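Asker: here is my input, please return the structure:
(one chain, ligands or ions: 1)
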Amino acid sequence: MRILSTTTICLILSSCLAGSSAVPTLERRQTGCDSALWNRVKGAIMEQFGSRPCSPLGRAAIRLYFHDAGTYDTKDDTGGPNGSVMRFDSEANQPQNNHLRDVILALRTVYDRFSGQVSRADIINLAGLLGTQSCPGGASIPFFIGRKDSTTPDDASRLPGDTEPMDNIISKFQRQGLTNKQLAALIGAHTTGKRFSSPPSEPVNGNAGLAFDSTPEVWDLNYYNETLQQPTSPPLGQTRIQVDVAISRDPRTKNEFARYVTDFDGWTKDFTEAMVVMGKFGRANANLIKCDGVVPAAIPLPGGNPTPGNNGLGNGNGGGNGNGNGNGNGKGIGGTGGVALALPASGTF
Ligand code: HEM
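Answerer: Alright, predicted model coming up:
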């Protein structure tokens, strides 16, 4: 009788070493897209996100996508989308990964249900795409599978920090192989952003966080518009982080940043392409397999997506009715349709 090797037995049982974060797990190269399997994985992820569109865990998954992939170094082909941030506490606990704990724990429960069948890296990828799509207006980004999990942690200090000088931010994106245009497009994910962790000098409204724009649960152009219009002293409940203002002002990124204020389709296209590039970092990921039919179609913005040249932010008649200190500017940029949105007058801007 033929004696089966441990590896073969593990392949049959599909569960050897499941759930352990310290030892290498079974990793199997995908040879095709099993859409029934991936739809079950999607269901498990969405269960974790909850029924609310653009939920806190969904938004955190978008950030996690970047934090797994963004450690990539083109020079030595290390780091990248390899599941290490989910697998190794030592990486998850680095300060750059603050406030990602909840989404990592949620996705570990998904992995435990499917370990041996899918990798952590592919789960993080799908979760980031579903997080994006679940926000009204969020792009439906193509999903590719076949990433392998790393057996060693990456160094999260390769990720850019929000108070780093622009030269560092740009060189950290270049190290990953991303252009300045892609930086300006990707940072638009902060349209759904909230800040939870901060220096002690800056209170952040506890678990509710402080939003980066007036509509943190909608994938719209307000982040670009409001960062430009109100770079300091944003309205109550919002904050601006240094990196966002820096990208909106730096000569290497400001033109793209400003262009996106009135180009929803252009931003969606550039963002989508950059997300796919990030998800394929690494020579081992050159031949990932496209897995259609898993990420649903985009949900249009309430009132319809803005058209090119019209950001749908209204025609500027909404401000100045607050406490008498407002400047009454309404922040409209030639909008005649879309989401008529009047920004609250900040009174200090
Ligand atoms: C220069 C690069 C970037 C820096 C310095 C940066 C920094 C930050 C910081 C400080 C926060 C707040 C985290 C907290 O307090 O919990 C945040 C939130 C967020 N970031 Fe970034 N980020 C960058 C790029 C990106 C990219 C490329 C994406 C995705 C494509 C992204 C997606 C998000 C999302 C979705 C949130 C909100 C998370 C939530 O609400 O839980 N960021 N980012």
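
Asker: can you map out the helices along the protein?
Answerer: For the chain, helices defined by DSSP state H occupy the ranges 6-13, 35-49, 56-69, 84-87, 89-92, 101-114, 120-133, 166-176, 180-186, 222-229, 242-249, 254-260, 264-279.

Asker: in TSV, list those along with mean neighbour count and distance to K75.
Answerer: Yep, even glycine has a C-beta here, placed from its N, CA and C like the rest. Output for these, formatted as TSV (neighbours: other C-beta atoms under 10 Å; distance: least, C-beta to C-beta, whole Å):
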stretch	mean neighbour count	distance to K75
helix 6-13	12	33
helix 35-49	17	33
helix 56-69	25	16
helix 84-87	28	18
helix 89-92	18	20
helix 101-114	18	28
helix 120-133	27	21
helix 166-176	17	7
helix 180-186	22	18
helix 222-229	24	32
helix 242-249	19	23
helix 254-260	19	25
helix 264-279	20	17
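
Asker: among those, which is nearest R147?
Answerer: Between R147 and those, the tightest spacing by C-beta to C-beta is seen for helix 120-133, at 3.6 Å.

Asker: same for the closest one, what does it pack against?
Answerer: Here helix 120-133 touches helix 35-49, helix 56-69, helix 84-87, helix 101-114, strand 144-145, helix 264-279, going by 3 or more C-beta pairs under 8 Å, 6 or more residues apart in numbering; DSSP states H and E.

Asker: next, the angle from the last one to helix 222-229.
Answerer: This means helix 264-279. On the basis of axes from the mean of the first three to the mean of the last three C-alpha atoms, to 10 degrees, helix 264-279 is oriented at 110 degrees to helix 222-229.

Asker: verify the contact between D213 and T239 for me.
Answerer: No - at 10.1 Å, D213 does not count as touching T239 under the criterion of C-beta atoms under 8 Å.

Asker: and the two? Which one has more around it.
Answerer: Remark: of D213 and T239, D213 carries more neighbours, 26 against 18, as counted by other C-beta atoms under 10 Å.

Asker: still on that earlier bit, mind putting the helices of the chain in CSV, distance to A139 included?
Answerer: Formatted as CSV, the helices of the chain follow (distance: least, C-beta to C-beta, whole Å):
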stretch, distance to A139
helix 6-13, 36
helix 35-49, 16
helix 56-69, 11
helix 84-87, 23
helix 89-92, 27
helix 101-114, 19
helix 120-133, 6
helix 166-176, 20
helix 180-186, 11
helix 222-229, 14
helix 242-249, 20
helix 254-260, 13
helix 264-279, 5
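
Asker: reformat those as TSV; add distance to the ligand and mean pLDDT.
Answerer: Shown next, in TSV, are the helices of the chain (distance: least, C-beta to the nearest ligand atom, whole Å; pLDDT from 0 to 100):
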stretch	distance to the ligand	mean pLDDT
helix 6-13	35	39
helix 35-49	12	98
helix 56-69	4	98
helix 84-87	13	98
helix 89-92	13	98
helix 101-114	8	98
helix 120-133	7	98
helix 166-176	5	98
helix 180-186	4	98
helix 222-229	10	97
helix 242-249	4	97
helix 254-260	12	98
helix 264-279	7	98
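
Asker: quick check: which of those helices is nearest to F144?
Answerer: helix 264-279 (6.3 Å).

Asker: may I have the closest one as CSV, with CA atoms only?
Answerer: Written as CSV, here are the backbone C-alpha positions of helix 264-279 (Å, rounded to 0.1, in the frame of the first residue of the first chain):
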residue,chain,number,x,y,z
PHE,A,264,-15.8,61.2,-10.4
ASP,A,265,-15.5,58.8,-13.3
GLY,A,266,-11.8,59.6,-13.8
TRP,A,267,-11.1,59.1,-10.1
THR,A,268,-13.0,55.8,-10.0
LYS,A,269,-11.0,54.6,-13.0
ASP,A,270,-7.6,55.7,-11.6
PHE,A,271,-8.5,54.3,-8.1
THR,A,272,-9.6,51.0,-9.5
GLU,A,273,-6.4,50.6,-11.6
ALA,A,274,-4.2,51.5,-8.7
MET,A,275,-6.0,49.1,-6.3
VAL,A,276,-5.5,46.2,-8.8
VAL,A,277,-1.8,47.1,-9.2
MET,A,278,-1.4,47.1,-5.4
GLY,A,279,-3.2,43.8,-5.1
